[in-house]
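[1] mind folding the following:
(one chain, ligands or ions: 1)
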Amino acid sequence: MTLVRIDGLKTHYQTEEGNVAAADGVSLSVSPNETLGLVGESGSGKTTVAKSIIRLLPDNGEIVEGTIEYEDRDITEMSMKEVRRELRWKEISMIPQNAMNGFDPVHTVCNQIIEVIQAHESDTSKAEARKRAEDLFEELGLDRDRIDDYPHQFSGGMAQRAMIALALAVNPAVVLADEPTTALDVVIQDRILQTISELQDEFDTAMILITHDMSVVSETCDRIAVMYGGRVVESADADTIIRNPRHPYTLGLRNAFPDITADSQELISIPGTPPNLTDPDEGCRFAPRCPFAEERCWEETPEPEEFGDGHVVECHRADEAEMLRKEASKRETWQKLRNQSKETASVGGNNE
Ligand SMILES: Nc1ncnc2c1ncn2[C@@H]1O[C@H](COP(=O)(O)OP(=O)(O)OP(=O)(O)O)[C@@H](O)[C@H]1O
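    Okay, the predicted model is just below:
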């Protein structure tokens, strides 16, 4: 059963420089009790997808195409009033990247959690809501006595955990977690991910976990969608993405976190920088950084192709996966590209 189904989502930001295609034809789905990891470098469009789902885009952001179905409704068609009353917190909640921004600075954390609980559960008393907030604090490793503090009295890591408590307070069907553990040390990170996973099992909660860290997703997620330049370039079950990826970008990301695979113990980064998404050209967005790019990669945008069992890849050369995996595990493969881009830069930055 699918809980959220995103189809062909295009979300753009208007800026003085032009139209930023931050999500440019994204399709994804998530089922109850499933954790979907959304990975990719900074700027690939992960947060934009999450904010589109919960309709929290800034004023210059707009969903220009596509659908986001939740149960039988299209979220993109809902009024903001319906979103606030019927969707946010109760059905879908978000743990934002900067947790402190999720809180209102003039109210205590406890009162904010109580308010969310009572807004969505009219027969829950204030005392019951407080008890639930305290229990969540404890489960997330926070001191229950700190619940009457104001947000600014919390450290970044504590605010992040308090935000997780708020996001889970009314047992939403879907939690969007945007880098939920980045401000935390490794031991607390594990504990938080463990707590979230227990709550997921208890309430069948689905989670979309946004991170740039492949090792976090490999441990936590059932399925993984890899984003690059506003598109999902590869998606499959976690094991396939870790062990048998087909997209050169996924292969490159995997090299940057070598502990997740036995193939390579060397840390190799992908040379170059993410693409400019302002009025992007045709062709594969990854071509300028891809050691395997051919002429067609520069000219034609690759269509999604399925390789069995929900493994979808957008790459013209995905059917040569075995060769790609072998070559991508070598440092020279990426080094050549680095040298090439240095040479082209020195002759005026022409990519041809
Ligand atoms: N309010 C905005 N106005 C204009 N451009 C924006 C805005 N917010 C994001 N962008 C641009 O949209 C693209 C996608 O950004 P987004 O934050 O969704 O990526 P991300 O993968 O979540 O990265 P990060 O991990 O850094 O948040 C980037 O090019 C970013 O600069």
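[2] assign a three-state SS to the most centrally placed residue in the chain, would you?
    What sits nearest the mean C-alpha location of the chain, by CA atoms, centre = their mean, is residue 210, with 2.6 Å. Secondary structure, DSSP: H, G, I helix; E, B strand; the rest coil: residue 210 is strand.
[3] and the nearest residue to residue 162 once chain neighbours are set aside, how many neighbours does it have?
    Nearest non-adjacent residue to residue 162, counting by CB to CB, 6 or more residues apart in numbering: residue 109, 5.1 Å away. C-beta coordinates here come from the backbone N, C-alpha and C atoms, glycine included. Here the count is done by other CB atoms under 10 Å, and residue 109 has 26 residues near it.
[4] wait, residue 109 touches residue 145, no?
    No. Applying CB atoms under 8 Å, one finds residue 109 not in contact with residue 145, separated by 11.9 Å.
[5] can you pull the poorly scored residue ranges out of the stretch 1-150 of the chain?
    In the prediction, the stretch 1-150 of the chain carries no residues with pLDDT under 70.
[6] what residues does it have near the ligand?
    When proximity is defined by CB under 6 Å from any ligand atom, the stretch 1-150 of the chain lies next to the ligand at 13, 15, 20, 22, 40, 42-48, 58, 60-61.
[7] now restrict these to buried residues only.
    Burial of those was assessed by neighbour count (16 or more other CB atoms under 10 Å); the buried members are 13, 20, 22, 40, 43, 44, 45, 46, 47, 48, 61.
[8] which two of those lie the greatest distance from each other?
    Using CB to CB, those span at most 18.3 Å, a distance reached by 40 and 61.
[9] for stretch 200-219, buried residues please.
    200, 205-214, 216-218.
[10] phi, psi of the residue nearest to residue 162?
    With angles defined as degrees, to the nearest 10, residue 109 sits at phi -60, psi -40.
[11] relative to the ligand, how far out is it?
    Residue 109 is 24 Å from the ligand, where distance means CB to the nearest ligand atom, to the nearest Å.
[12] for residue 90, same thing?
    Applying CB to the nearest ligand atom to residue 90 and the ligand gives a distance of 25 Å.
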